[in-house]
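1. Got a predicted structure here, sequence first:
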Amino acid sequence: MTNLRPTPLDLAAIGTLATALVAGLVVPPDAVQGDLQRIMYVHVPSAWLAYLAFVVTLVGSVAYLVTSRMKWDRIAASSAELGVVFTGLALATGMIWGKPVWGVWWTWDARLVLTAVMFFVYLGYLALRRSMPEPAVRARRSAVFGVLAVVQVPIVHFSVIWWRSLHQPPTVLRPDEPQIDPPLLFALLMSVAAFTVVYAALMRHRIALEAIQSELEDAPEAVAGAAVRPPRLGGADV
Amino acid sequence: MSPLAELDGVGVRRPNALILRDVSLTLAPGEAVALFGANGSGKTTLLRVLATLTAPTSGAGRVLERTLGSPSVEEVRPRIGLVGHEPALFEALTLAENLRLVARLTGSGDPAGTAAGALEAVGLAGASGRLAADCSNGMRRRSDFARLLITRPDLLLLDEAHVGLDASASDLVERLVGATLAAGGAAVIVSHERERVAALTTRRLLLDDGTLGAA
Amino acid sequence: MSFWRQTAALVRAQTRSETRTGEVLLVVLPFGAAALFVIPMAVGADSALLQRVGPGLFWMVVLLFGIVVTQRRTAHPSGARSDLLRMLAVDPAARFTATAVVNWALLIAFEIVVGLVMIVLYDPVLTGWAWLVLVVPLSAAGLALVGTLAGSIADGAGVRTTLVPLLVLPVAIPLLLAAAQATEGLRLGTGILRWVLLLAITDLVLAIAGVLTARPLEESDS
């Protein structure tokens, strides 16, 4: 049974999240966008964590296909769920940020489209899992889909880049120096670290929940056929 | 000679349902076993385990010298003949086309001739051009038996063997089982018609509470 | 028995079944053509607009109805029929290949017929016709492969018919983009080699994925 008391990881998640929140509110606002820019401290980490979560799902899926150990299926599924949440958060905060800046809720920028595609792919992954009650079948089918979906990501990425290019170019991971002031960069990195710890804490709990669910799904001691009895018409055995 | 099938404490578990608990069975060459049991007792599941279509979730077993649950079982599946509740026929193909497909997939050099011969043997030559969807349950059951005449299995697994067969076709089961045993094979027959299978079989087993015992 | 002989036997059986039931050619295809007819009721019957967006709408219809084509009844035998193929030791990759090949042929026919309807209704600019000889079979192949794969992944699920489109759509985006941008490029007279290349690469990835995953997916049946 899962211990309901907060673990050190839970406390670390709360602590880092609180610190990142303070940092995000305390650092100076952006010179151009003002306080609106602070939404970046939620939007960017959400997007990064979404990609991390889907990479973990890929690793779990491949590991399951190789080893057939349910532990990897639990990791893959739990991470996919969190990935969907983070992706939804990234898309929502992106739209809230984009409306005042770009004037529209949505644009057909390569990165936005790719993120939305990932969202639908993993919604499909979760829907597939929900439709398969048999654990081994569910694990194998979703592992195959998990790998296939990720293999398609670079293809989708290139296809959309060839098709369109509005979203801000990479801010941190670029060949030259990051184009962001040090205090804002600090707050951003704090947020990324906090979100990562939150992800780890949530993963731990979600995997534990999956394990409990597996135990519950295990059959009771009585065989299924025991529920069938001879018919009794008129109060006596026929 | 080694047994055709050996099950040792085999169990099959599904989400929220334990189907088989602890099934042990040895099938020697030349043996025909009658399998009885109430509705829902797991007879079909046991046949699927012997057919290597369902892997046990506990226990161990070997069929035709291949370990259950291992990839190598695929090699021996063509030597197993399973006739289930549902006819294994493609509805939009005729009876002849269905059997020609089976003949092709078993590597026959003359699929048309093989299929025609099998249909003739089960008394369906006159209906060979009829779509499977337009055939009665009895005709489809006979067609399934025609398939066994093509594949000539070493291990015969018949689920509800006599259902749908008319009087003239009822000895099809006996002839098929007899031919299989004479060739050194074995058979497991599920049927609710105890008297009919009694004469046919050397052993009678009852599946109850997920385990096998004498009937 | 060799992989190719098994595939050929299954292609033959599926083709015969499909021509007899007419599920695709007599039901889905007319429905797709009818959809192209209905669209101007929704977006307005401005001829200039329809001429410009007609090819894009065509590819949308191909994608959405193409999913239905790949999920035809004869493509995914279930129950005793599936057991029979397993008992005859049919290579799962042969089953996948046979289904994908038949889907491919049906989708090519679908694209040609519905394409002709689109040309009649929307009167698009059609320069560079010859490229369509590549674009049509490549796009049909990609959709056939992804639909066959998705059908195998969702096999046995109670909600298969509603689940498959959700699985297919995101993965089919490169196909849709490439095909639509290719015809747009033909209209504008720009080069479309990159889009043809994208189609070919996507098809190759899907074909490899389908063949490699056929056995693990079949083993997960029981």
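-> Yes, it's here.

2. Buried residues, the helix or strand hosting residue C:195. List them.
-> Counting by DSSP states H and E, the element that carries residue C:195 is helix C:193-219. Neighbour counts using 16 or more other CB atoms under 10 Å in any protein chain shown place C:195-196, C:198-199, C:201-203, C:205-207, C:209-211, C:213-214, C:217-219 of helix C:193-219 among the buried residues. The C-beta positions use only the backbone N, C-alpha and C, and glycine is treated the same way.

3. just the helices in chain C please.
-> Secondary structure of chain C (DSSP state H): helices at C:3-21, C:29-43, C:47-70, C:80-87, C:92-122, C:132-153, C:160-171, C:173-188, C:193-219.

4. Check those helices for me and report the most buried one.
-> For the helices of chain C, the largest average neighbour count (mean count of other CB atoms under 10 Å in any protein chain shown) is found in helix C:132-153, namely a mean of 24.

5. any chance of the helices of chain C in JSON lines, with mean pLDDT and distance to residue A:203 too?
-> Formatted as JSON lines, the helices of chain C follow (pLDDT from 0 to 100; distance: least, CB to CB, whole Å):
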{"stretch": "helix C:3-21", "mean pLDDT": "94", "distance to residue A:203": "42"}
{"stretch": "helix C:29-43", "mean pLDDT": "88", "distance to residue A:203": "44"}
{"stretch": "helix C:47-70", "mean pLDDT": "90", "distance to residue A:203": "34"}
{"stretch": "helix C:80-87", "mean pLDDT": "94", "distance to residue A:203": "37"}
{"stretch": "helix C:92-122", "mean pLDDT": "94", "distance to residue A:203": "34"}
{"stretch": "helix C:132-153", "mean pLDDT": "94", "distance to residue A:203": "25"}
{"stretch": "helix C:160-171", "mean pLDDT": "86", "distance to residue A:203": "24"}
{"stretch": "helix C:173-188", "mean pLDDT": "89", "distance to residue A:203": "29"}
{"stretch": "helix C:193-219", "mean pLDDT": "91", "distance to residue A:203": "26"}
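
6. How about the residues of chain C by chain B?
-> C:1, C:5-6, C:9-10, C:12-13, C:16-18, C:20-21, C:74, C:77, C:79-81, C:83-90, C:219, C:221-222 (CB under 8 Å from any CB of the partner chain).

7. Surely residue B:4 and residue B:61 touch.
-> No: here residue B:4 does not reach residue B:61: they are 11.6 Å apart, not a contact under CB atoms under 8 Å.

8. Who has more neighbours out of those two?
-> When neighbours are counted by other CB atoms under 10 Å in any protein chain shown, residue B:4 and residue B:61 differ, and residue B:4 comes out ahead with 26 against 22.

9. If I look at that one, what pLDDT would I see?
-> Residue B:4 carries a pLDDT value of 95.

10. The one 4 residues further on too?
-> Listed pLDDT for residue B:8 reads 95.

11. show me what contacts the spatially closest residue to residue B:92 that is not a sequence neighbour?
-> Spatial nearest neighbour of residue B:92, excluding adjacent residues (CB to CB, 6 or more residues apart in numbering or on different chains): residue C:17 at 3.8 Å. Contact analysis of residue C:17 by CB atoms under 8 Å, 6 or more residues apart in numbering or on different chains lists B:90-93, C:74.

12. how many neighbours does residue C:130 have?
-> For residue C:130, using other CB under 10 Å, the count is 8.

13. Tell me who's in contact with it.
-> Residue C:130 neighbours (CB under 8 Å, 6+ apart): none.

14. Give me the distance between it and residue C:196.
-> 12 Å (CB to CB, to the nearest Å).

15. Please apply the same query to residue A:68.
-> Look at residue A:68 and residue C:196: by CB to CB, they are 40 Å apart.

16. and the gap between the most far-flung residue of chain C relative to its centre and chain A?
-> Relative to the centre of chain C, and counting by CA atoms, centre = their mean, the farthest-placed residue is residue C:46 at 29.7 Å. According to CB to the nearest CB, to the nearest Å, residue C:46 stands 22 Å off from chain A.

17. Would you report the backbone torsion angles of that residue?
-> Dihedral angles of residue C:46 (phi, psi; degrees, to the nearest 10) stand at phi -70, psi 110.

18. how close does it sit to residue C:61?
-> Taking CB to CB, one finds residue C:46 at 19 Å from residue C:61.

19. and what of residue C:48?
-> Computed with CB to CB, the distance linking residue C:48 and residue C:61 is 20 Å.

20. Neighbours of residue B:117, how many?
-> Neighbour tally, residue B:117, other CB under 10 Å: 16.

21. hey, which helix or strand in chain B has the poorest pLDDT?
-> helix B:194-198 (a mean of 82; mean pLDDT, DSSP states H and E).

22. Excluding chain neighbours, give the residue nearest to the most centrally placed residue in chain A in space.
-> Centroid-nearest residue in chain A: residue A:83, 0.8 Å away (criterion: CA atoms, centre = their mean). Distances taken as CB to CB, 6+ apart place residue A:53 nearest to residue A:83, at 3.2 Å, with adjacent residues excluded.
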